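Novice: coords please:
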Amino acid sequence: MSTDVAGVTGVVVRLKLSLLRNGLRQSGGRRAAYIASAIVVLLFAALQLLGLIMLRDNAHADTVVVILVAVLALGWAVMPLFFPGGDETLDPTRLVMLPLRPRPLVRALLAASLVGIGPLFTLCLFIGSVIAVAHGGLAYAVGVLAVVLALLVCVALARAVAAANIRLLTSRKGRDLAVLSGLVIAIGAQVVNFGAQRLGSSGLTQLDPAADVLRWVPPASAIGAVRSVSEGAYGIAVLQLALTTAALVALIAVWSRHLTRLMTSPDGSTLQAVAEAAVRERNSTGLARLLPAGRTGTVMERSLRYVWRDPKTKAAWVTSLAIGLIVPLFNALQGTGSIYFACFAAGMLGIQMYNQFGQDTSAFWMVAMTISSPRDAYVELRGRALALLLITLPYATLVTALTTALLGDWPKLPEALGLSFALLGAMLATGAWTSARFPYSIPQEGYKNVAPGQTGLAWISIFGGMIAAALLCAPVIALTIWLHVSEDGDAWTWLLLPAGAAYGAATTWLGLRLAAPRTAVRLPEILTAVSKG
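Specialist: Numbering: from 1, shown residues only. Below is the predicted model of the structure:
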C-alpha cells in the first residue's frame, strides 16, 4: 500500500464503506434495522433543520444554536466511551501491521470518520444553526467555514478520545464501561425533561449566561463567529474562528501522539489484568464468610458475582437501579411526584428475578446436575432470591426515604415501605415461577438480550409476571385504600409497614415453594431454552 496521503485516504474511506456494506449483507434483519434507523435519524435531522430555520430572527436564536452545538460536541466526545463497537474503524490497532506513518493515517481516518449517519446528522444541525443566525452574504461565507471547522472538531474530538482510551475500550473493563450507557441515557432523559419543564415556565432568558460562555468554547465558537459577523464585530469573529482552528489543531496533535504510541508500543495490559484478577480472586474471601453456609451461601455468592462480572447482568442491574431512583426523585423535584412513586424502585429491581436461569446460559447444566429433588430446586431458587434481596431491600428503602424527604410527607413513609415490600415479594414469587415456566437465552455477544425466536417467551415472562405480581399485591393495595377512606383510618396506616413486609415474605415463600417442583421436573427443557444463545 502506498503511503501517499491521497492514496491512503482513498483506501481508508473505501475500507469504511466496505465495512458498512459487508455488515449490512450479514442478515436481512440487520439491514432492515440499519435502513429503519437511518430513515428515522434523517427525518429527525430534517425536522431539526426546519425548526432551526424557523428560529431565524428570533431573539434567542443565538442562545439556542450555541448551546445546541456545544451539546453535540459533548455527545461526540462521550459516544466512543459508551458505544465503542459503533464504528469498527475507531480501533487503529487493527492497522498496526501496515507500513503507515501517523500523519497520513490521521488524515485518512479523519476523512473516513466523515462517512456515516452521525456526521450527516451533525452537518444538518450545523447548517440549520448557521441559517438561524446568519445575516448577509459575508456571514453566510463565514458560516460555510464555521460548519466545516465545527464538524471537523467534533470528529477529531471523538477520534482523540477513542485513541486515548482504546486499550480500555477493547478490554473487559471497556465492555463494562458500556454498561453505564443505560445510566447515562436514563439520567440524560430525565435531565432533559426537567430542563424542558423549567424552560417552559421561565423562558429561554435564563440560558443566556451559559450561551455567553459557550460562545467562546470550540466548536460553538465557530457558530458564534457567524453571529459576530452578522453584527459587524469582525475582530471578535476572527478570534472565535481562530479558537476553533486552534482546538482542531490541538485535537489532531493529541490524536496523532496517541496513535503513534498505539502503533509502536506493545500491549501488556492483558497480562497485567490477568495477574491482577488472579490476585483479587485469591483475596476475595470476605464475601463468602458473610454468607450462610451450605448451598444457600454458594448460590448467593454465584448470583452476586454474576451481577458484578457478567456484562449483560450488570447492564440490567445498572439500568434498573438508575431508573428506579430517577423516576421517583425527579418527579418529586418537579413537584409532580407522589410517595407511591417510590414503589417504582421495588418494581424495577424485582424484574431481575425473572429468567434467573437465562443468565447461566449453557453453563446451567452444572446447576442442573446438582438438583435431584424439589428440595434442591427450592434451595437454589431461595439462594438466588436472597442474593437479590441483599441489594433490593436496602435500595428500595433508601429510595422511599429520599422520595419522602423531598416531598416532606413523612407520615406516609410506613405505608410506602409496606407497599414496596409487598410488591417486591410478589415479583420475587412470580419471577421464580416464570423462570421455571418461561426460560429464555440471553446472548453473550452483541446488544440483544433475547435469543432469536424467543422474544415471545421473554414478553410472556416479564409482562405476564408483572401483571400477576400487581394482582398479588391487590390485598395490600385494598387495605391501603380502605384505611384512607375510613374514618380515623389514617391513624392506623403505620400498620401497612409490618403488614406489607409480612405479606411480601409470605408471598415470596409461597412462590418459591410452587416454583421448586416445576423447576425440578423441567430441568432438560430449561437447559435447552437457555442454551440457544
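Novice: List the buried residues in stretch 158-167.
Specialist: Ala158, Arg159, Ala160, Val161, Ala162, Ala163, Ala164, Asn165, Ile166, Arg167 (16 or more other Cβ atoms under 10 Å). C-beta coordinates here come from the backbone N, C-alpha and C atoms, glycine included.
Novice: same thing with stretch 338-353?
Specialist: For stretch 338-353, using 16+ other Cβ under 10 Å, the buried residues are 339-353.
Novice: Which member of those residues is positioned nearest Glu301?
Specialist: Checking the buried residues of stretch 338-353 against Glu301 by Cβ to Cβ gives Gln352 as the nearest, at 16.5 Å.
Novice: Contact partners for that closest one?
Specialist: Ala316, Trp317, Ser320, Leu388, Thr392, Gly431 (Cβ atoms under 8 Å, 6 or more residues apart in numbering).
Novice: let's go with 10 Å and repeat that
Specialist: Applying Cβ atoms under 10 Å, 6 or more residues apart in numbering to Gln352 gives the contacts 303, 307, 313, 316-317, 320-321, 359, 384, 387-388, 391-392, 427-428, 431.
Novice: With Leu241 instead?
Specialist: Val142, Leu145, Ala146, Leu149, Pro218, Ser221, Ala222, Gly224, Ala225, Val226, Ser228, Val229.
Novice: What is the most widely separated pair among these?
Specialist: Pro218 and Val229 (16.9 Å).
Novice: circling back to that earlier point, of the buried residues of stretch 158-167, closest to Arg375?
Specialist: Arg167 (48.6 Å).
Novice: ok so, going back, which members of the buried residues of stretch 338-353 occur in strands, if any?
Specialist: Using DSSP state E, no member of those sits in strands.
Novice: among those, which are in helices?
Specialist: Counted as lying in helices by DSSP state H, out of those, are Cys343, Phe344, Ala345, Ala346, Gly347, Met348, Leu349, Gly350.
Novice: Filter the contacts of Leu241 down to just the ones in helices.
Specialist: Going by DSSP H, the helices hold Val142, Leu145, Ala146, Leu149, Ser221, Ala222, Gly224, Ala225, Val226, Ser228, Val229 from those.
Novice: Run through who's touching stretch 46-65.
Specialist: 68, 121, 123-135, 203-212, 214-215, 220, 223-224, 226-228, 230-231.
Novice: Drop anything exposed from these.
Specialist: 68, 121, 123-134, 204, 207, 211, 214-215, 220, 223-224, 226-228, 230.
Novice: Is Leu419 in contact with Ile481, as I believe?
Specialist: No. Counting by Cβ atoms under 10 Å, Leu419 sits too far from Ile481 to count as a contact (11.1 Å).
Novice: With neighbour numbers in mind, choose between those two.
Specialist: Leu419 (26 against 11; other Cβ atoms under 10 Å).
Novice: Please enumerate the strands of the stretch 401-533 of the chain.
Specialist: Ranges of strands in the stretch 401-533 of the chain, per DSSP state E, counting those that start in this stretch: none exist.
Novice: Show me where it dips below the pLDDT cut-off.
Specialist: Low-confidence segments of the stretch 401-533 of the chain, defined by pLDDT under 70: 445-448, 453, 533.
Novice: ok, now the stretch 51-200 of the chain?
Specialist: Looking at the stretch 51-200 of the chain by pLDDT under 70, you get 81-99, 166-200.
Novice: any idea how this protein splits into domains?
Specialist: 26-183+200-272, 290-530 (automatic domain parsing).
Novice: could I get those domains as a markdown table with distance to Val8?
Specialist: As requested, these are exported to a markdown table (distance: least, Cβ to Cβ, whole Å):
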| stretch | distance to Val8 |
| --- | --- |
| domain 26-183+200-272 | 5 |
| domain 290-530 | 32 |
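Novice: Closest one to Leu114 out of the contacts of Leu241, please.
Specialist: Leu149 (13.2 Å).
Novice: so what's that closest one up against?
Specialist: 126, 218-219, 221-223, 225, 241, 243-245, 247-248.
Novice: Ala470 now?
Specialist: Residues counted as contacts of Ala470 (Cβ under 10 Å, 6+ apart) are Gly347, Leu423, Ala426, Met427, Thr430, Ile477.
Novice: Among these, which ones are in helices?
Specialist: Gly347, Leu423, Ala426, Met427, Thr430, Ile477.
Novice: can you give me the helices in the stretch 101-250 of the chain?
Specialist: Counting by DSSP state H, counting those that start in this stretch, the stretch 101-250 of the chain has helices at residues 102-113, 117-133, 137-164, 166-169, 172-202, 208-214, 220-230, 234-264.
Novice: ranking those helices by burial, who's on top?
Specialist: Neighbour counts averaged per stretch over the helices of the stretch 101-250 of the chain are highest for helix 220-230, at a mean of 28; criterion: mean count of other Cβ atoms under 10 Å.
Novice: Show me what it is packed against.
Specialist: helix 61-82, helix 117-133, helix 137-164, helix 208-214, helix 234-264 (3 or more Cβ pairs under 10 Å, 6 or more residues apart in numbering; DSSP states H and E).
Novice: Gly464 is nearest to which of those?
Specialist: helix 61-82 (32.0 Å).
Novice: Quick one: distance of the closest one to the chain centre.
Specialist: Here helix 61-82 is found 18 Å from its chain centre; the criterion is Cα atoms, centre = their mean, to the nearest Å.
Novice: Please put the alpha-carbon coordinates of that helix into PDB.
Specialist: Provided in PDB are the C-alpha atoms of helix 61-82 (Å, rounded to 0.1, in the frame of the first residue of the first chain):
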ATOM      1  CA  ALA A  61     -31.800  32.100  18.200                       C
ATOM      2  CA  ASP A  62     -28.100  32.600  19.000                       C
ATOM      3  CA  THR A  63     -28.500  31.200  22.500                       C
ATOM      4  CA  VAL A  64     -30.200  28.100  21.200                       C
ATOM      5  CA  VAL A  65     -27.800  27.300  18.400                       C
ATOM      6  CA  VAL A  66     -24.700  27.900  20.600                       C
ATOM      7  CA  ILE A  67     -25.900  25.500  23.300                       C
ATOM      8  CA  LEU A  68     -27.000  23.000  20.600                       C
ATOM      9  CA  VAL A  69     -23.500  22.900  19.100                       C
ATOM     10  CA  ALA A  70     -21.900  22.500  22.500                       C
ATOM     11  CA  VAL A  71     -24.200  19.600  23.400                       C
ATOM     12  CA  LEU A  72     -23.500  17.900  20.000                       C
ATOM     13  CA  ALA A  73     -19.800  18.200  20.700                       C
ATOM     14  CA  LEU A  74     -20.200  16.700  24.100                       C
ATOM     15  CA  GLY A  75     -22.100  13.800  22.500                       C
ATOM     16  CA  TRP A  76     -19.300  13.200  20.100                       C
ATOM     17  CA  ALA A  77     -16.800  13.200  23.000                       C
ATOM     18  CA  VAL A  78     -18.600  10.700  25.200                       C
ATOM     19  CA  MET A  79     -20.000   8.400  22.500                       C
ATOM     20  CA  PRO A  80     -16.800   6.400  21.900                       C
ATOM     21  CA  LEU A  81     -16.600   5.600  25.600                       C
ATOM     22  CA  PHE A  82     -20.100   4.100  25.900                       C
END
